[in-house]
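*Asks:* Structure for this input, please:
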Amino acid sequence: MKPRPPIIQADGEIRSLSGADMKLFKPAKEVLEPEMYGALLAMNKASKNAPHLEKPNS
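*Replies:* Model (predicted):
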């Protein structure tokens, strides 16, 4: 298997993430403290109820 380049390069630039990179990520519930995970869920729920701008007619 061909090794992937590092996500963060020596100069601090971040390369685009591939599907293979995303498969390596762990779910937020596994890595965040319960309080932080709960706050993240609450923020996501609140954003669904926030007013959204209407799309202009094209």
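*Asks:* any low-confidence regions in this structure?
*Replies:* For the chain, the stretches with pLDDT under 70 are 1, 58.
*Asks:* can you do 90?
*Replies:* The chain contains residues with pLDDT under 90 at 1-7, 18, 20-21, 24, 44-58.
*Asks:* so where's the longest helix in it?
*Replies:* Scanning the chain for the helix with the most residues, using DSSP state H, yields helix 34-49.
*Asks:* List of residues touching it?
*Replies:* The set of residues external to helix 34-49 that reach it, using C-beta atoms under 8 Å, 6 or more residues apart in numbering, is 28-29, 32. The way it works is simple: take the backbone N, C-alpha and C, and place the C-beta from them, glycine included.
*Asks:* got CSV for these, with neighbour count, distance to D11 and secondary structure too?
*Replies:* Below are those laid out as CSV (neighbours: other C-beta atoms under 10 Å; distance: C-beta to C-beta, whole Å; DSSP: H, G, I helix; E, B strand; the rest coil):
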residue, neighbour count, distance to D11, secondary structure
A28, 11, 29, helix
K29, 10, 34, helix
L32, 14, 29, coil
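*Asks:* now the residues you listed in CSV, with distance to E13?
*Replies:* Listed next are these as CSV, based on distance: C-beta to C-beta, whole Å:
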residue, distance to E13
A28, 25
K29, 30
L32, 26
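*Asks:* For H52, the count of nearby residues, please.
*Replies:* By other C-beta atoms under 10 Å, the residues close to H52 number 7.
*Asks:* mind checking the end-to-end distance for stretch 27-38?
*Replies:* End-to-end span of stretch 27-38 (C-alpha to C-alpha, to the nearest Å): 14 Å.
*Asks:* where's it relative to the chain centroid, distance-wise?
*Replies:* Distance of stretch 27-38 from its chain centroid, counting by C-alpha atoms, centre = their mean, to the nearest Å, is 13 Å.
*Asks:* tell me which residues in that stretch are buried?
*Replies:* Buried residues in stretch 27-38, counting neighbours by 16 or more other C-beta atoms under 10 Å, are absent.
*Asks:* And for stretch 9-18?
*Replies:* Quick answer for stretch 9-18: no buried residues (16+ other C-beta under 10 Å).
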